[in-house]
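Undergrad: what follows is a predicted protein model with its sequence.
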Amino acid sequence: FCVQRHIDIETFKPEPYWTLDLAVLKRGRKLQTIWGAGRSFNKSKVEGLVTKCAEQGGKARVSDVVTKEKKQGRPTPLN
């Protein structure tokens, strides 16, 4: 187990992920929503949700795309 964990730590490679943030503006009030799943490693899934939101009667517009270089640390070793 410890050897496998060490190998996992040494070979760790960060993966890109996508989040979905939706703001609804109605009667001058803004409602910010947070996607319950938090993040997804499947870009097409997130794009599909954006398309679905746009098709459900309201208008949807992507107002901002933020790209960040974030590093996720290696998993902590077992002591």
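TA: Alright, I've got the coordinates.

Undergrad: need phi/psi at residue 23.
TA: With angles defined as degrees, to the nearest 10, residue 23 shows backbone torsions of phi -120, psi 130.

Undergrad: just give me the neighbour total for it.
TA: The number of residues packed near residue 23 is 11, by other C-beta atoms under 10 Å. Every C-beta, even on glycine, is put in place using the N, C-alpha and C of the backbone.

Undergrad: and it, what does it touch?
TA: 30, 31, 32, 33, 63 (C-beta atoms under 8 Å, 6 or more residues apart in numbering).

Undergrad: what of residue 42?
TA: residue 18.

Undergrad: straight-line length of stretch 12-32, end to end?
TA: For stretch 12-32, the separation between the terminal residues is 34 Å (C-alpha to C-alpha, to the nearest Å).

Undergrad: over to stretch 29-40?
TA: OK, stretch 29-40 end separation, C-alpha to C-alpha: 28 Å.

Undergrad: then stretch 10-19?
TA: Terminal residues of stretch 10-19 are spaced 27 Å apart (C-alpha to C-alpha).

Undergrad: likewise for stretch 18-36?
TA: 13 Å.

Undergrad: so how far is it from its chain's centroid?
TA: How far stretch 18-36 lies from its chain's middle: 15 Å, per C-alpha atoms, centre = their mean, to the nearest Å.

Undergrad: residues in contact with residue 72?
TA: So residue 72 contacts residue 14 (C-beta under 8 Å, 6+ apart).

Undergrad: this completes my enquiry, with thanks.
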